[in-house]
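Asker: quick one: sequence and predicted model below, then my questions.
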Number of protein chains: 4
Amino acid sequence: MPRPLPEHVQEVTGGDSAAIREHILDAAYRVIVARGLAGASTRAIATEAEIGAGTIYNYFNNRLQPLAHAMLRRIELLSRPVSDLPGRAGKHTVAVNLRYYASCISSTLDELVPLGAAAFSDPKLLAAMRAEHANGESVHSSVNILSKYLLAEQRLGRIRATADHRTAAEIVFRICHDQAFHRYLEGGSMKPETLTREIDFVAEALTSGSGS
Amino acid sequence: MPRPLPEHVQEVTGGDSAAIREHILDAAYRVIVARGLAGASTRAIATEAEIGAGTIYNYFNNRLQPLAHAMLRRIELLSRPVSDLPGRAGKHTVAVNLRYYASCISSTLDELVPLGAAAFSDPKLLAAMRAEHANGESVHSSVNILSKYLLAEQRLGRIRATADHRTAAEIVFRICHDQAFHRYLEGGSMKPETLTREIDFVAEALTSGSGS
Amino acid sequence: MPRPLPEHVQEVTGGDSAAIREHILDAAYRVIVARGLAGASTRAIATEAEIGAGTIYNYFNNRLQPLAHAMLRRIELLSRPVSDLPGRAGKHTVAVNLRYYASCISSTLDELVPLGAAAFSDPKLLAAMRAEHANGESVHSSVNILSKYLLAEQRLGRIRATADHRTAAEIVFRICHDQAFHRYLEGGSMKPETLTREIDFVAEALTSGSGS
Amino acid sequence: MPRPLPEHVQEVTGGDSAAIREHILDAAYRVIVARGLAGASTRAIATEAEIGAGTIYNYFNNRLQPLAHAMLRRIELLSRPVSDLPGRAGKHTVAVNLRYYASCISSTLDELVPLGAAAFSDPKLLAAMRAEHANGESVHSSVNILSKYLLAEQRLGRIRATADHRTAAEIVFRICHDQAFHRYLEGGSMKPETLTREIDFVAEALTSGSGS
DNA sequence: AATGAATGAGATTTCATTCAT
DNA sequence: CATGAATGAAATCTCATTCAT
């Protein structure tokens, strides 16, 4: 029955309500990654966050809300690491830049796959995620950055004028996403050159016949 | 207390032991699709199969076995619908044939995605599936058929000689798989032309510069 | 769904955590005695204690812990009632004092026999009991008190100097223990003079030929 | 649905109804000893007896009957090994003969203790045992043989005329029984000389002052 | 008479959620 | 507000018993 939050949490959050929410979301994320969705009980999250079990219900209405929130928040981080991609237009080669993009988002995708897959296992959780956020936004932003880069290259003449840069961007993203999925499924036994080969195929499709 | 199988089940299975197993697997599959993996309790499956709760344990050793079995059985159906693809080499256009392939496997993938993704959420279930079957076979066979078809087209000169037909097959499959994934995630709000556009991009990459 | 402890329990325990533990142990003991170990399900104990079924797991980790605890707690009471025995040396007769000892511990043994025997039926419970406590202590202490008394009598010359007081004490205890065992087995149909006769036999063996 | 008993059982029992009963009781005994009372399910017994699970109910009315029978049958074997004891009257010494008796029945008692203790864990089983047999008979027969032997010795003048041979026999039996009990409880860590010391105490009580 | 599949009661254990403090 | 004990629903799994074959 100690009224104030434990010191440790107090320090981190400053007692700010929104900060405590975030603190709980972080804990939820760590628990999901470490122990799977099935292991993400409210108790486990409360323990990880070093708060009382009941405290969660002061910030969320039910068990699924923090899980859905935590997963969505993570998805938003996806586009962060490649924000510098458009600046590389004209430098290196298109193939090299696509490989750079692929390697940037792949590590994030590797984290997201188990989360996304977990979301599917429970229709209620999926609904909760859909309710929490008009999802897909952030995924799109990652594709958008790539698309923007390809457009820049096209203007520079390093990509065929007739190529559909938007579609190409989608394909590249799908390749990365699907490969992350299979990496997880197969337990990491996939050869890295598979990714390279497929990315290069798209690069070739984009550049063949261009002036470069 | 113990009674013979209810008439309804008796009729369907004829009392054959193997048939009852299948009957239970069908029920398990229906429950997973309808209520998610989290909702696929032994009781729910028994109810769906219209049998007693304990009866499941006469046919399976634990709760995961029927789930793993049911999912694997479904995955095996994946390559079935496109077995006629190689025979289409030389007919229609490459783009049309790839669209045909995509539409064939997409409906199956739409069924499989929730199952496969669900399997990820529970490490124990994933292990059970791996134990039941050296999986991935069927997925590969679907890619293999596509690859075989592309090779045939290449020999017919309808695809550039320098194109990597294996890589192209992989990419097409990934596009289909990933789209199914997002269709499920977004609740079916994806426009069908997105798939067509991406498939056509690959077809164009393969055929541009070929003699046809 | 969650409510405070029912009034009745609240009154008895005052809400103190340790008191509730004891309250549960008492209930466990009553259930074992009344319905046997096989009947001592967690649910039965919870009902007897007038608490919710899940509450037991707030105080114990598994079903065996409260049983083992309850039994050990009772065993500790064994040596209590005869602590005044050594003070009787020189008073009454040896036979009378041994009868006194026998009648004192017999009622306690009658309680313990079903518990101790029950412990044997489940190897896991036996292990749990051994884990909870290096048992046997209390049994020995009861024998020790008797042995001490006999030694005192020997020094007073009321017992033959050549008699082995330690061995005699063991035999008397065994007689009491084994009789309790058979009383329980036969459902109480044993004649009380059987005990007296056997005790007197030992008394006679100890005193015959002594100076008294 | 095979009508005849399996060959193996047919051979052993000759198809005789009483023999099959015994065959099942043997199996029940083996299961209890090997896996404890908790492990003695009807299924386990049927498997051990190599018969169908339902077949047991053609010979017994419920689960407890074969267990009670099996245990009682074993108790009857108790007096077997010492039937030659009365013939030893007049030979060796009384102490040696009592030790002989003790060592004979102790090994059987070691087998019986877990069975007897197991019986206590379930009031219903205990009632079943009481119902099956006016029990104690066989135990008494073991005591009777010892009593008979002591009487013979008394007539030979090797035991004091005033000694109560019946009571002495009971005490010796109790010592053996209780020691077996504690051997089991302590896991065999009891020193064998404890038994000898106690037996000799009784022998001394019987013989001291006799003519021999 | 032998069989064993079918059954549901019941055992243990977990966990989301509430609410008195 | 924060807390965590209390709770009962629900999940998995076992097993004695019956009965159609």
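Answerer: Yes, it's here. Note that the coordinates shown come from a computational prediction; the quantities given were computed from them, not determined experimentally.
Asker: list the contacts of the worst-scoring helix or strand of chain A on mean pLDDT.
Answerer: Within chain A, no helix or strand scores below helix A:123-132, which has a mean of 75 by mean pLDDT, DSSP states H and E. With CB atoms under 8 Å, 6 or more residues apart in numbering or on different chains as the test, helix A:123-132 has contacts from A:37, A:64-65, A:67-69, A:71-72, A:118-120, A:135, B:35-36, B:38-39, B:185, B:187. (Each C-beta comes from the backbone N, C-alpha and C, glycine too.)
Asker: okay, residue A:51 and DNA strand F: tell me how far apart.
Answerer: Note on residue A:51: its distance to DNA strand F, by CB to the nearest atom of the strand, to the nearest Å, is 4 Å.
Asker: and residue A:194, by the same measure?
Answerer: Taking CB to the nearest atom of the strand, one finds residue A:194 at 37 Å from DNA strand F.
Asker: that residue - how many residues pack around it?
Answerer: Neighbourhood size, residue A:194 [other CB atoms under 10 Å in any protein chain shown]: 15.
Asker: before we move on, the earlier item: for the next helix or strand along the chain from the least confident helix or strand of chain A, the distance to its chain's centre please.
Answerer: Next helix or strand after helix A:123-132 toward the C-terminus (DSSP states H and E): helix A:137-155. The chain centre lies 16 Å from the centre of helix A:137-155; the measure is CA atoms, centre = their mean, to the nearest Å.
Asker: tell me the domain ranges of chain A?
Answerer: A:7-60, A:74-207 (automatic domain parsing).
Asker: packed most tightly, which of the ones you listed would that be?
Answerer: Highest mean neighbour count of the domains of chain A: domain A:74-207, a mean of 19 (counted as mean count of other CB atoms under 10 Å in any protein chain shown).
Asker: so how far does that domain reach from one end to the other?
Answerer: Start-to-end span of domain A:74-207 (CA to CA, to the nearest Å) is 34 Å.
Asker: right, is it up against DNA strand E?
Answerer: No - on the criterion CB under 7 Å from any atom of the strand, domain A:74-207 is out of touch with DNA strand E, staying 9.8 Å away.
Asker: any idea of the mean pLDDT in the lengthiest helix in chain A?
Answerer: Secondary structure of chain A per DSSP state H: the longest helix is helix A:94-121. Averaged across helix A:94-121, the pLDDT comes to 86.
Asker: over to stretch A:74-88?
Answerer: Per-residue scores along stretch A:74-88 average to 80.
Asker: and for stretch A:195-212?
Answerer: Rounded mean pLDDT across stretch A:195-212 is 87.
Asker: on that earlier part again, just the contacts of helix A:123-132: which are in helices?
Answerer: Per DSSP H, the contacts of helix A:123-132 map to helices at A:64-65, A:67-69, A:71-72, A:118-120, B:35, B:185.
Asker: for residue C:48, see how far away the residue nearest to residue A:105 when sequence neighbours are not counted is.
Answerer: What sits nearest to residue A:105 in space, not counting adjacent residues and going by CB to CB, 6 or more residues apart in numbering or on different chains, is residue A:176, at 5.6 Å. In this view, residue A:176 and residue C:48 are 61 Å apart by CB to CB, to the nearest Å.
Asker: residue A:48 too?
Answerer: For residue A:48, the distance to residue C:48 - CB to CB - is 37 Å.
Asker: which non-adjacent residue is nearest the residue in chain A that chain D sits nearest to?
Answerer: Ranked by CB to the nearest CB, the top residue of chain A for proximity to chain D is residue A:38, at 30.2 Å. Closest residue to residue A:38 apart from its sequence neighbours, by CB to CB, 6+ apart: residue B:122 at 5.5 Å.
Asker: give the contact list for the one you found.
Answerer: A:36-38, A:121, B:37, B:64.
Asker: next one: phi and psi at it?
Answerer: Backbone torsions of residue B:122, given as degrees, to the nearest 10, read phi -120, psi 100.
Asker: with residue A:62 instead?
Answerer: Residue torsions, per degrees, to the nearest 10, at residue A:62 are phi -160, psi 180.
Asker: local confidence estimate at it?
Answerer: pLDDT, read off for residue A:62, is 89.
Asker: tally of neighbours for it?
Answerer: By other CB under 10 Å, neighbour count at residue A:62 equals 12.
Asker: now do it against residue A:128, distance only.
Answerer: Distance from residue A:62 to residue A:128, by CB to CB: 8 Å.
Asker: same check, this time on residue A:177
Answerer: 22 Å.
Asker: element containing residue A:20, please.
Answerer: Per DSSP H and E: helix A:17-35 holds residue A:20.
Asker: does that helix reach chain B?
Answerer: No - judged by CB under 8 Å from any CB of the partner chain, helix A:17-35 stays clear of chain B, getting no closer than 9.1 Å.
Asker: helices or strands next to that helix in the packing?
Answerer: Applying 3 or more CB pairs under 8 Å, 6 or more residues apart in numbering or on different chains; DSSP states H and E, one finds that helix A:17-35 contacts helix A:7-13, helix A:42-49, helix A:64-76, helix A:94-121.
Asker: ok, the helix or strand containing residue A:204 near chain B or not?
Answerer: Residue A:204 belongs to helix A:192-207 when elements are defined using DSSP H and E. Yes - interface with chain B: helix A:192-207 contributes A:194, A:197-198, A:201-202, A:204-205 (CB under 8 Å from any CB).
Asker: ok, now how distant is residue A:175 from residue A:200?
Answerer: Taking CB to CB, one finds residue A:175 at 11 Å from residue A:200.
Asker: same deal with residue A:9?
Answerer: For residue A:9 relative to residue A:200 (CB to CB), the value is 49 Å.
Asker: so for stretch A:170-181, mean pLDDT?
Answerer: 93.
Asker: residue contacts, residue A:77?
Answerer: residue A:108.
Asker: for it, give its distance to residue A:125.
Answerer: 20 Å.
Asker: over to residue A:105?
Answerer: From residue A:105 to residue A:125 the distance is 24 Å (CB to CB).
Asker: what is the helix or strand the residue nearest to residue A:105 falls within packed up against?
Answerer: Element membership for residue A:176, per DSSP H and E: helix A:165-186. In terms of contacts (3+ CB pairs under 8 Å, 6+ apart), helix A:165-186 is packed against helix A:94-121, helix A:137-155, helix A:192-207, helix B:94-121, helix B:165-185, helix B:192-207.
Asker: can you do 6 Å?
Answerer: helix A:94-121, helix A:137-155, helix A:192-207, helix B:165-185, helix B:192-207 (3 or more CB pairs under 6 Å, 6 or more residues apart in numbering or on different chains; DSSP states H and E).
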